[in-house]
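[1] the following block contains a protein sequence and its predicted model.
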Amino acid sequence: MKKFSTKELVYMSFLIALNVVLTRVASLRINIGAVEGIRIGFGGFPTILAGIMLGPAAGGIVGAIGDVVGYYINPMGAYVPLFTLSAALTGVIPALVLQFFKRPYQSLCQLIIAIGIGQIITSVFLTPYFLEIAFKIPFFATLPARIITQVINVPIYAVLVQTIKRKTDVMLDYSPR
């Protein structure tokens with residue numbers, strides 16, 4: 001298992017806190033019955049950023065801890081570990097997809113592909129499936145809104161990741177030349 005430096009742990013802690021705030025406070029929630037069926041916001045961004053900047057393990061840790069801490073701060077029904085798995089995969093999948101591109105610098109297109117694959121798997125398929133398993137919300141009831149949300153979120157996430165990555169690479173003098 002990878003050992004994280006103190007600096008990486010501080011970044012991960014900051015991203016966990018940002019994840020909790022963006023997911024639990026700064027999101028629009030749409031209830032289906034008595035359960036939150038759709039959440040529109042940028043809560044997944046810190047998890048994706050952690051995975052891309054610090055590696056898949058860091059993305060998984062930020063997603064999982066952010067989900068658990070967020071649940072205990074602001075519970076929205078029963079705790080379902082399947083959603084924690086989905087949150088962890090949100091940070092792991094884009095980082096793993098980017099490893100297939102053999103370049104130290106990711107283009108916007110590569111970021112859109114990596115983040116898009118991750119969001120399609122976790123937000124479009126897994127989360128509605130888990131909602132159906134746990135709360136009997138029909139899979140196809142939330143699917144259209146989730147697809148529309150990700151069509152908007154994925155390019156925004158990619159541009160934000162690329163911008164932050166460029167700024168931190170310049171600050172840390174890791175920029176590709």
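    Ah, there it is. Bear in mind the structure is a predicted one, so any value in this text is a computation, not a measurement.

[2] quick check: what element follows the helix or strand of the chain with the lowest mean pLDDT along the chain?
    The helix or strand of the chain with the poorest confidence is strand 35-40; it has a mean of 63 (mean pLDDT, DSSP states H and E). Sequence order places helix 45-54 as the next helix or strand after strand 35-40, per DSSP states H and E.

[3] how is M76 assigned, secondary-structure-wise?
    Recorded secondary structure, M76: coil (DSSP: H, G, I helix; E, B strand; the rest coil).

[4] mind pulling up the pLDDT for it?
    For M76, the model assigns a pLDDT of 75.

[5] for it, give its distance to I120.
    M76 is 24 Å from I120, where distance means C-beta to C-beta, to the nearest Å. For the C-beta atoms, the positions are set from N, CA and C on the backbone; glycine is no exception.

[6] I'd say G63 and I93 touch.
    No. Assessed by C-beta atoms under 8 Å, G63 is found out of contact with I93, at 10.1 Å.

[7] hey, what's in contact with both of these two?
    G51 (C-beta atoms under 8 Å, 6 or more residues apart in numbering).

[8] comparing the two, which residue is more hemmed in?
    It is G63, of G63 and I93, that has more neighbours when counted by other C-beta atoms under 10 Å, with 30 against 23.

[9] which element is the closest residue to Q110 other than its chain neighbours on?
    Nearest in space to Q110, with sequence neighbours left out and distances taken as C-beta to C-beta, 6 or more residues apart in numbering, is F101 at 5.1 Å. Using DSSP H and E, F101 sits in no helix or strand.

[10] burial count for F101?
    Using other C-beta under 10 Å, F101 has 15 neighbouring residues.

[11] L126 now?
    18.

[12] residues touching it, list them.
    82, 85-86, 89.

[13] ok so, going back, tell me how far the residue nearest to Q110 lies from V21.
    Distance from F101 to V21, counting by C-beta to C-beta: 31 Å.

[14] same thing with L9?
    Using C-beta to C-beta, one gets 19 Å for the distance from L9 to V21.

[15] then I121?
    25 Å.

[16] equivalent analysis for T6, please.
    Remark: distance between T6 and V21 (C-beta to C-beta) = 23 Å.

[17] looking at those two, which is more packed in?
    V21 (16 against 7).

[18] which ones are touching G59?
    For G59, the contact set (C-beta under 8 Å, 6+ apart) comprises 47-48, 50-52, 88, 90-92, 94-95.

[19] quick one, helices of the protein?
    6-24, 45-54, 56-73, 81-98, 108-119, 127-135, 139-172 (DSSP state H).
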